[in-house]
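Participant: Kindly generate the corresponding structure for this input.
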Amino acid sequence: MAKKAKSEKLVIREKRYRGTTSVVSARLPAAMIKSLDKVVERTGYNRNEVIAICLEYAMDNMETEPAEGTS
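Facilitator: As a prediction, this is how the structure comes out:
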């Protein structure tokens with residue numbers, strides 16, 4: 001599980017990606033969807049836009065490590 005820095009906030013900026021899109025399906029826990037919908041309600045973005053913003057933030061700020069036992 002990813003470590004969460006307490007001081008870092010997710011800042012929602014203008015859309016970076018424009019143009020063609022693809023559909024991706026994902027199963028999410030019900031509690032996460034409820035939290036997501038609260039953000040949607042507060043910000044005026046739709047669910048898809050908030051998910052894309054969160055994924056963009058995660059991709060820009062993640063580090064990957066090899067699995068244990070691999071090099």
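Participant: CA atoms for contacts and neighbours, from now on please.
Facilitator: Will do.
Participant: those strands in the protein, which residues are they?
Facilitator: Counting by DSSP state E, the chain has no strands at all.
Participant: So which residues of it form helices?
Facilitator: 30-43, 47-61 (DSSP state H).
Participant: For residue 14, which of those helices is the nearest?
Facilitator: Taking C-alpha to C-alpha, helix 47-61 is the member of those nearest to residue 14, at 9.5 Å.
Participant: before we move on, the earlier item: would you tell me which of the helices of the chain gets closest to residue 19?
Facilitator: With C-alpha to C-alpha, the closest approach to residue 19 among these belongs to helix 47-61: 13.8 Å.
Participant: Around residue 34, how many other residues sit close by?
Facilitator: Neighbour count of residue 34, defined by other C-alpha atoms under 10 Å: 11.
Participant: same question, residue 43
Facilitator: Residue 43: 11 neighbours (other C-alpha under 10 Å).
Participant: How about residue 53?
Facilitator: 21.
Participant: thought it was touching residue 12?
Facilitator: Yes: contact criterion C-alpha atoms under 8 Å: residue 53 and residue 12 qualify, at 6.9 Å.
Participant: Tell me how far the most centrally placed residue in the chain lies from residue 61.
Facilitator: The residue lying closest to the centre of the chain (C-alpha atoms, centre = their mean) is residue 54, at 2.2 Å. Residue 54 sits 11 Å away from residue 61 when distances are taken as C-alpha to C-alpha, to the nearest Å.
Participant: Next up, the contacts around the residue nearest to the centre of the chain.
Facilitator: Going by C-alpha atoms under 8 Å, 6 or more residues apart in numbering, residue 54 touches residue 10.
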